[in-house]
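Peer 1: got a structure for you, letters missing:
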């Protein structure tokens, strides 16, 4: 125990009491100064972020150099720099550097360094963590450097702080701060704020790379892009990033008015059939991102709000290591007007009616079927005589859906692609899209309806498959990381309302790599699926099992009644692995290591709970595996 602490704990005189008071005042002053420094650093980083807004890509490098100098001056370090990863992530290069006067520059000797020259160091940074070494002689970093070139990079450094350059995805590189003249200690608040600087740099560099890749692509495709007769947009998920001149002409806007805007800016809130534009368009965009080409009719709106009908073709494309959605929009307003004219012509309509492959019908205002084409009869399985004796409302599966359809027809006079479940003669239920136009009398009342029915049952099943793929692991069928976090956040919200606890378990198979290497990847996949089935079968009614990737699984145990209950579940899981697994006819034995974190004791945020469970799991592995530990602050993953 330090002498100062012993004196504070055992005051023996008025003098020592006075010293204690002065020490406490000094502590308060130091704490206040630390808070003021933190606030000043926060303002500085906010200014840096503001300076990057709207900064052209060709000025980004200068902006980064300036930011490195400002931050380094403020936190009193001797050298600050940026390393960026190559596109293949196999090499890293020192791209930016600032050095205090008299401090050696290292940028010239730090180009194209293989990332594996620093295996342990790079594992920390690429994992999105911070490397903080107050005393480099004790950090072990030089021991993990595999080459003399890599070792020289940190030779004169006494203290080192490195934060990853990462935002939404993997680390793009890192920012380093070297203390050369004397050792330096950084507070947790300072480290956290510098981590925010890493996120700012990541966003700036990502945007710079994106702009550069667009310029490269523009040189190749500009002629075709600009000369197209159709409007062409490029989207990063749901945000416009580029468009051709025909798009500006078609939608009546400028580049500045469309680029950077969400796609919903150029579509009305609802489609003519009553469907929600935002929800429907999101499904089609993400289906395109999954590789399913989308071709559909859509009501768009020009920048001034004027609606018009269009055909839209959505495709996924890859450019400059990025994924985009290409939207080709064709204005079909004139075609729609022509179709309307054709519908008014009974003779032309009759030809279309009889020869159409779509199921077409005509009803009276009360739903009695007046006519139906051959495709309609074949779709529903009725003869023509049976159709003419029927009422369209008899085929409705849901009376509520039929009521909604009637209300829309009375209000608008038409519907397009209205979703409706209909029943065939053999009682088979179909998911259908119904488009209906009405004819009204002089009093405005509907006297006749003409509609088209399309069976989209198979299409809806495909959509359900796409949605399932977005939230579930393809190999095991378990919830994936996205669905796991949704359920964890819901469980945490419920626990906060009810005052209950939640347990998060991180499970990792022991020696899975040996099984994978010795028996093959197919055997490894069978092992993962078998483990997933056992875990899901045990917790299906009481919790959630998700696969994070590789051989890692995450479990959520809601409404926990103390650690005794958690350990009981952990023992049951351990028992699952005591029974051999059968893979390709052979018995295979394996064990698991688990880490446990409890909400709210071990973390009040989902990310913290998962991280702490992960640290506890690695502690279990370090102790030999085949065991479990609850997270404690003393556990250090490294």
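Peer 2: On my side now, so go ahead. Keep in mind it's a predicted model, so treat the numbers as computed, not measured.
Peer 1: quick one: contacts of stretch 412-426?
Peer 2: Contacting residues not belonging to stretch 412-426 are listed as 271-275, 379-382, 386, 395-398, 401-402, 405, 408-409, 429-438, 440, 446, 453 [CB atoms under 8 Å, 6 or more residues apart in numbering]. For the C-beta atoms, the positions are set from N, CA and C on the backbone; glycine is no exception.
Peer 1: Which parts of it count as buried, going by neighbours?
Peer 2: 414, 415, 416, 417, 418, 419, 420, 422 (16 or more other CB atoms under 10 Å).
Peer 1: With stretch 176-189 instead?
Peer 2: The neighbour-count check on stretch 176-189 (16+ other CB under 10 Å) flags 176, 177, 178, 179, 180, 184, 186 as buried.
Peer 1: just stretch 597-608 next, same as before
Peer 2: By neighbour count with 16+ other CB under 10 Å, stretch 597-608 contains the buried residues 597, 598, 599, 600, 602, 603, 606, 608.
Peer 1: Of those, which belong to strands?
Peer 2: Members of the buried residues of stretch 597-608 lying in strands (criterion: DSSP state E): 597, 598, 599.
Peer 1: Just put those residues in JSON lines and tack on distance to residue 543 and pLDDT.
Peer 2: What follows is those, written out as JSON lines (distance: CB to CB, whole Å; pLDDT from 0 to 100):
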{"residue": "597", "distance to residue 543": "14", "pLDDT": "93"}
{"residue": "598", "distance to residue 543": "14", "pLDDT": "94"}
{"residue": "599", "distance to residue 543": "13", "pLDDT": "93"}
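Peer 1: okay, and for the stretch 351-500 of the chain, where does confidence drop off?
Peer 2: 351-353 (pLDDT under 70).
Peer 1: Okay, strands next: where are they in it?
Peer 2: For the stretch 351-500 of the chain, the strands defined by DSSP state E, counting those that start in this stretch occupy 359-364, 369-372, 414-423, 429-440, 446-455.
Peer 1: relative orientation of the longest one and strand 359-364 in degrees?
Peer 2: Computed with axes from the mean of the first three to the mean of the last three CA atoms, to 10 degrees, the direction of strand 429-440 lies at 50 degrees from that of strand 359-364.
Peer 1: which strands and helices sit next to strand 429-440?
Peer 2: Packing partners of strand 429-440 (3 or more CB pairs under 8 Å, 6 or more residues apart in numbering; DSSP states H and E): helix 399-412, strand 414-423, strand 446-455, helix 457-471.
Peer 1: Adding distance to residue 634, write those out as a markdown table.
Peer 2: Written out in a markdown table, the entries for these read as follows (distance: least, CB to CB, whole Å):
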| stretch | distance to residue 634 |
| --- | --- |
| helix 399-412 | 59 |
| strand 414-423 | 57 |
| strand 446-455 | 63 |
| helix 457-471 | 36 |
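Peer 1: Out of these, the one nearest residue 156 is which?
Peer 2: helix 457-471 (50.1 Å; CB to CB).
Peer 1: hang on, the earlier thing: let me know which of the strands of the stretch 351-500 of the chain is the nearest to residue 489.
Peer 2: Across the strands of the stretch 351-500 of the chain, the minimum distance to residue 489, taken as CB to CB, is reached by strand 414-423, at 30.1 Å.
Peer 1: Measure how the closest one sits relative to strand 429-440, angle-wise.
Peer 2: Angle of strand 414-423 versus strand 429-440, following the same axes, to 10 degrees, is 140 degrees.
Peer 1: Which residues outside stretch 285-296 are in contact with it?
Peer 2: Applying CB under 8 Å, 6+ apart, the contact partners of stretch 285-296 are 235, 237-238, 263, 284, 311-316, 323, 325, 462-463, 466, 469-470.
Peer 1: And this structure, what are its domain boundaries?
Peer 2: Per the record, the chain has its domains at 36-209, 228-335, 345-460, 472-630, by automatic domain parsing.
Peer 1: Tell me which of these approaches residue 216 most closely.
Peer 2: Residue 216 sits nearest to domain 228-335 of all the domains of the chain, at 6.2 Å, using CB to CB.
Peer 1: Show the end-to-end separation of that closest one, please.
Peer 2: Its start and end residues considered, domain 228-335 measures 19 Å (CA to CA, to the nearest Å).
Peer 1: where do the strands sit along the stretch 501-638 of the chain?
Peer 2: Counting by DSSP E, counting those that start in this stretch, the stretch 501-638 of the chain has strands at residues 501-509, 544-549, 552-560, 581-583, 586-588, 592-599, 627-630.
Peer 1: Could I get the domains of the chain in CSV, plus columns for distance to residue 216?
Peer 2: What follows is the domains of the chain, written out as CSV (distance: least, CB to CB, whole Å):
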stretch, distance to residue 216
domain 36-209, 10
domain 228-335, 6
domain 345-460, 37
domain 472-630, 32
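Peer 1: weakest of these by average pLDDT?
Peer 2: Of all the domains of the chain, domain 36-209 carries the lowest average pLDDT, namely a mean of 83.
Peer 1: Cheers, nothing more for now.
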